[in-house]
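In: Predicted model and sequence follow; I will ask about them next.
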Amino acid sequence: MHETKKWIINGEKQVFKSKIFEIYQMDCFLPSKYINNDFYSIHLTDWVNIFAITEDNKVLLVKQHRLGKNIVTYEVPAGAIDKNEDPQFAAIRELEEETGYTTDKIVLLKKIAVNPAIQNNTCYFYLALDCKKTKDTDFDTTEELDLVIKDKEELFNCINTDLIDNSLALMSVMFAKEYLSGK
């Protein structure tokens, strides 16, 4: 892309801050069209999603109420990466906190920009193999989850259904299916 087609950010200021995200207003200039425009960027922490398979080939899902859309969703275990935390360590921590399962066999499947049009964060997708139940769950204060255990092939056959209605969770299933089919 030619440099004149890239926006120049002349300045930015924080216009909102909460526990989980901040919103920045950016004063931008596009040289190719010689125009100024304000844009907004949501700054979020990076995230991990974990497709977890037990020793007996079952998949660990969590069921929870999501207030953004006010629906109950089936998702893979997931969560925010703490400041200066290694993404793989965060994946293992979130898996244990949300399911009580642990593993020492974990593979990074992919990392992607979640929605670069308006967000600045990255999501890391992991596959956790041979997961074992080792402790009770330890939810964050604002979390309330149900553990759901599904047969792996049954879950893979649900990709085109409405069972998983969270885009990042669905991507986890798809990345895991692709990775495992290549083995």
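Out: Done, it's in.
In: Do you have the helices of this structure handy? List them.
Out: Here the chain has its helices, by DSSP state H, at 87-99, 152-156, 167-181.
In: tell me the contacts of P31?
Out: Contacts for P31 (C-beta atoms under 8 Å, 6 or more residues apart in numbering) come out as E3, T4, K5, K6, I8. C-beta here means a position set from N, CA and C on the backbone, and glycine is covered the same way.
In: May I see the residues you listed organised as a markdown table, with pLDDT, neighbour count and distance to T141 added?
Out: Output for the contacts of P31, formatted as a markdown table (pLDDT from 0 to 100; neighbours: other C-beta atoms under 10 Å; distance: C-beta to C-beta, whole Å):
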| residue | pLDDT | neighbour count | distance to T141 |
| --- | --- | --- | --- |
| E3 | 94 | 8 | 47 |
| T4 | 95 | 11 | 49 |
| K5 | 97 | 10 | 46 |
| K6 | 97 | 11 | 42 |
| I8 | 97 | 12 | 42 |
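In: Return the member of these nearest to K135.
Out: Using C-beta to C-beta, K6 is the member of these that lies nearest K135, at 49.1 Å.
In: Got phi/psi on the closest one?
Out: For K6, the backbone dihedrals (degrees, to the nearest 10) come out as phi -100, psi 130.
In: List the contacts of it.
Out: P31.
In: Distance check, it against E12.
Out: Distance of K6 to E12, given as C-beta to C-beta, to the nearest Å: 16 Å.
In: buried stuff in stretch 87-97?
Out: P87, A90, A91, I92, R93, E94, L95, E96, E97 (16 or more other C-beta atoms under 10 Å).
In: Pull the contacting residues for the last one.
Out: What it means is E97. Contacts for E97 (C-beta under 8 Å, 6+ apart) come out as G79, T137, D138, F139, D140.
In: Quick check: the fourth one vs I118, distance?
Out: It stands for F139. Distance from F139 to I118, by C-beta to C-beta: 29 Å.
In: Out of the helices of the chain, the one nearest N57 is which?
Out: Of all these, helix 152-156 comes closest under C-beta to C-beta, at 5.3 Å.
In: burial count for V15?
Out: 10 (other C-beta atoms under 10 Å).
In: Relative to E22, how far out is it?
Out: V15 is 9 Å from E22, by C-beta to C-beta.
In: for I92, same thing?
Out: I92 sits at a distance of 27 Å from E22 (criterion: C-beta to C-beta).
In: What of V173?
Out: 30 Å.
In: So if I had to pick from those two, which one is more boxed in?
Out: For V173 versus E22, neighbours defined as other C-beta under 10 Å are more numerous around V173 (24 against 14).
In: Who are the contact partners of that one?
Out: Listed by C-beta under 8 Å, 6+ apart, the contact set of V173 reads F51, V76, L155, F156, I159, I164.
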